[in-house]
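> Below are the sequence and a predicted model for it; my questions follow.
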Amino acid sequence: MTLAPQTSPTPLDPIQLVLDSVTSPLTKVAYRKALSDFFTWWAEQGRPPLTKAVVQRYVAVLIEGGFSSSSVNVRLSAIRKLVREAADNGQLAPFEAESIARVKGIKKQGRRTGTWLSKAQAQELLLAPDVATLRGLRDRALLAVLLGCGLRRSELVGLTFDHLQQREGRWVVLDLLGKHGRVRTVPMPAWCKAAIDAWTVAAGLSSGHVFRPTSPRGSRVLARQQLSHEAVALIVRKYGQQIGRADLTPEGLHLAPHDLRRTFAKLAHKGGAPIDQIQLSLGHASIQTTEDYLGVDQNLDSAPCDVLGLSLKGP
């Protein structure tokens, strides 16, 4: 058995086999880290024969190390992908691969609510960038697309001018390739398109990727590049830190791009949009996933605790 990472990528490098089998840039990053960590641990054990028992022991080590259930499950998902790709390429016996693939993940207890913004906070975030600068115009457009269309970070990074089309009298993001290869068309609010137009006109852009990095001082566009996933996260974090300081903490809000996607879903639902239409905009395969986003079983506007009839003032 030759299941071990090579010093340089080759067609039979097991980690590269896994990375070549997935399309999402974020999945590639997560799987590379997960498999590198696994191979490091495996080497420390003396590289025993790769069996179900070995992987189960690794899962136990992760749990003992305080890793969350989601982190353990991502790492286990990468290992499952690894052994199946290795078996398909003759590097691991099919029986062992299927045995390892049956190692159970960690069942989550309950469901994380996640972070989202109120309508007022979302509005404040949208107005936070300094639109007197080129970079500020870009950042406002970026926040507008995340809030107004509910795109994933990877979808925003890959957004091109070809995606921006008019259908049935309105602007849409046409034929967007999303998670698991699903293609969808996402309606775009007029204010979102106005923000994009303000940025692209000022930047002199009309083709290729919509969002580009700027020079260090933000005065010109690096036209031949596209914005990185990391840059999107930093932009969202920057403006999250600027808002909410008056009524929250001096550090503001700790926001990630996915929080704005969740905000889109929450505000759309509170505004009366049907759940099935929100599902289509988000590109979820199952309406259950959309309901999980919305937390429809936990109404924070009118919660059970609000009708208890108790107070600190007494009768």
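Thanks, I have it.
> From now on I want contacts and neighbour counts done on CA atoms only, so please keep to that.
Fine.
> Tell me where the protein is predicted with low confidence.
Segments of the chain classed as low confidence (criterion: pLDDT under 70) are 1-12, 108-114, 223-224, 244-252, 295-315.
> show me where it has helices.
For the chain, the helices defined by DSSP state H cover 14-20, 25-44, 52-64, 69-88, 94-101, 119-126, 134-149, 153-157, 190-203, 229-242, 257-270, 275-282, 287-294.
> taking those together, which one is wrapped up most tightly?
Of the helices of the chain, the one with the most neighbours on average (mean count of other Cα atoms under 10 Å) is helix 134-149, at a mean of 24.
> now that one, how far from the chain's geometric center?
17 Å (Cα atoms, centre = their mean, to the nearest Å).
> Contacts for that helix next, please.
122, 125-131, 151-153, 156, 186-189, 191-192, 195-196, 198-200, 202-203, 211, 214, 218-220, 235-236, 257, 260-261, 263-264, 281 (Cα atoms under 8 Å, 6 or more residues apart in numbering).
> L176: which of the helices of the chain is closest?
L176 lies closest to helix 153-157 among those, at 7.5 Å (Cα to Cα).
> Give me the contacts around that closest one.
With Cα under 8 Å, 6+ apart, helix 153-157 has contacts from 24-26, 142, 145-146, 176-178, 209, 211, 226-229, 232, 257-258.
> Can you show me the CA trace of that helix as PDB?
Coordinates of each C-alpha in helix 153-157 appear next as PDB, following Å, rounded to 0.1, in the frame of the first residue of the first chain:
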ATOM      1  CA  ARG A 153     -18.600  33.900  -0.900                       C
ATOM      2  CA  SER A 154     -17.300  31.600  -3.700                       C
ATOM      3  CA  GLU A 155     -20.200  32.700  -5.900                       C
ATOM      4  CA  LEU A 156     -19.400  36.400  -5.300                       C
ATOM      5  CA  VAL A 157     -15.700  35.900  -6.100                       C
END
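> Begin at 38 from now on, thanks
Okay, residue one is now 38; in that scheme the one you just asked about reads as helix 190-194.
> one step back: tabulate the helices of the chain (a markdown table), appending distance to Q203.
Below are the helices of the chain laid out as a markdown table (distance: least, Cα to Cα, whole Å):
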| stretch | distance to Q203 |
| --- | --- |
| helix 51-57 | 35 |
| helix 62-81 | 29 |
| helix 89-101 | 50 |
| helix 106-125 | 39 |
| helix 131-138 | 46 |
| helix 156-163 | 24 |
| helix 171-186 | 15 |
| helix 190-194 | 18 |
| helix 227-240 | 11 |
| helix 266-279 | 26 |
| helix 294-307 | 21 |
| helix 312-319 | 16 |
| helix 324-331 | 26 |
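> Out of these, flag the one nearest K144.
helix 106-125 (7.1 Å).
> what about that closest one, distance to the chain center?
How far helix 106-125 lies from its chain's middle: 19 Å, per Cα atoms, centre = their mean.
> Then stretch 55-68?
With Cα atoms, centre = their mean as the basis, stretch 55-68 stands 13 Å off its chain's centre.
> what about that stretch, start to end distance?
8 Å (Cα to Cα, to the nearest Å).
> Show me the contact partners of that stretch.
R69, V111, R112, A115, K118, L119, E122, S191, K216.
> Show me which of those residues is closest to Q279.
The nearest member of the contacts of stretch 55-68 to Q279, counting by Cα to Cα, is S191 at 24.1 Å.
> Kindly provide the distance from the closest one to T64.
Distance from S191 to T64, by Cα to Cα: 10 Å.
> so who does A305 touch?
Contact partners of A305, counting by Cα under 8 Å, 6+ apart, are I315.
> so where's the longest strand in the chain?
Longest strand in the chain, counting residues (DSSP state E): strand 207-214.
> Give the buried residues for that one.
Across strand 207-214, burial judged by 16 or more other Cα atoms under 10 Å covers W208, V209, V210, L211, L213, L214.
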